[in-house]
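Colleague: Please work out how this folds:
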Amino acid sequence: MALVSGFYACVNKENETRDNAIDSTLQTSATAILESKLSELNAQSGQVIVMEVQSGQIKALVGLERKDSADYQPCENFSVQQPTGLMQGVSLLAALETGKVKVSDRVNAGNGIYVCKGDTVFDHNWHRGGYGEITVKQGLASGSNIATVKTMENAFSNNAQAYFDVLSKMNYGKPDSINGILQPYRITEKNITWNCIGYGQSVSPIQVLTFYNAIANNGKMVQPQLYKDSVVIINPQIADKASIDSLKLALAYNVTDGLGQPAKSDKTTVAGKQGTIIVSTDDGNTMYAVEFCGYFPTGNPKYSVIVSINKTGLPASGGLMAGDVFKKIVNSVVFE
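Modeller: Residues are numbered from 1 along each chain as shown. Just a heads-up that it's a prediction; the model follows:
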């Protein structure tokens, strides 16, 4: 079993007597599931984090990376930050908060190629002719970058700063620290066209999970907890209840009818979002992050989960790759 030694090594001696929140059975199961998928994909590294929705208690915290040997070793650093393909859900909530956008609105994703203020945005199916006109909800479920960018244009017009203000108000990127080991989320290049789909920022998986956990928790953002301590509230209501409810319906639709279907479990109902994004192009090798973040059961969420895997080259699919891990984690939680 891979232990999360790197995480706990940073915790003060005074914490040794506190009650650890990790579920050892789930930790073992999640480690085996992630290691199997990393081997299958020949991936570089991966993380799985399982959190209790209302308390923020971390029930499984798995990080694996391949170093010198072919074997995967426990990751010593859970504070690694990079762009995230899971930003579309965050951006949609920001747009809903303006009151100018509904998930039933229609947007034209065209032929999958969109030139916006000198930048060219592609959808993953551009070579197949794009999605054409779709609803905002369908745009989320199809992972359409263009639908997201155009939704931001409809919501924020030419006032990009208003978008960043809403992100700040919603506490996206929190917490800044867990036992002193996380780094604050930061925007590395301010450009709403790219920021709204996950580029130009540095954020860790646990910070993304904290946001999606707040969605599951009807808008209440709680601090992730390594120990069974009292609940710490970061923000009692990150967004209007109507906005949260609309996004929750879209995230559930994504799993039943969208590219999130690989995460669907026959044991319980699931809602969530998949994402695929380029994190680096070093030495001519393109590194992708394939991710899935969601919660279950949808009606009364008990757990939230993030799966984040870094792999070199194509194919790279957040739904097919990370979503499959998510489903297996869900099944191991529900019927452990």
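
Colleague: so where do the helices sit in the stretch 151-300 of the chain?
Modeller: Along the stretch 151-300 of the chain, counting by DSSP state H, counting those that start in this stretch, helices occupy 160-169, 192-195, 205-216, 241-257.

Colleague: any idea which of those is most buried?
Modeller: helix 205-216 (a mean of 26; mean count of other C-beta atoms under 10 Å). Bear in mind the C-beta positions are built from the backbone N, C-alpha and C, glycine included.

Colleague: which helices and strands sit right next to that one?
Modeller: If you count contacts as 3 or more C-beta pairs under 8 Å, 6 or more residues apart in numbering; DSSP states H and E, helix 205-216 packs onto strand 45-52, helix 87-97, strand 221-222, helix 241-257, strand 271-280, strand 287-296, strand 303-312.

Colleague: Show the subsequent helix or strand relative to the second one.
Modeller: Just to be clear, that refers to helix 87-97. Later in the chain than helix 87-97, the nearest helix or strand by DSSP states H and E is strand 106-108.

Colleague: for that next one, which positions count as buried?
Modeller: residue 107 (16 or more other C-beta atoms under 10 Å).

Colleague: circling back: of the helices and strands packed on helix 205-216, which approaches residue 186 most closely?
Modeller: Nearest to residue 186, of all the helices and strands packed on helix 205-216, is helix 87-97, at 14.1 Å by C-beta to C-beta.

Colleague: Relative to residue 117, which of the helices of the stretch 151-300 of the chain is closest?
Modeller: Residue 117 lies closest, by C-beta to C-beta, to one member of the helices of the stretch 151-300 of the chain: helix 192-195, at 6.5 Å.

Colleague: contacting residues around the closest one?
Modeller: By C-beta atoms under 8 Å, 6 or more residues apart in numbering, the residues outside helix 192-195 that reach it are 87, 116-117, 119, 121, 149, 152, 156, 160, 163-164, 187, 189, 200-201.

Colleague: how does it look with 6 Å?
Modeller: Helix 192-195 has contacts (C-beta atoms under 6 Å, 6 or more residues apart in numbering) with 116, 119, 149, 160, 163, 200.

Colleague: Could you dump the helices of the stretch 151-300 of the chain into CSV with distance to residue 333 and mean pLDDT added?
Modeller: Below are the helices of the stretch 151-300 of the chain laid out as CSV (distance: least, C-beta to C-beta, whole Å; pLDDT from 0 to 100):
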stretch, distance to residue 333, mean pLDDT
helix 160-169, 30, 97
helix 192-195, 33, 96
helix 205-216, 14, 98
helix 241-257, 16, 98
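
Colleague: Not counting sequence-adjacent ones, nearest residue to residue 257?
Modeller: Once flanking residues are discounted, residue 257 sits nearest to residue 141: 6.1 Å by C-beta to C-beta, 6 or more residues apart in numbering.
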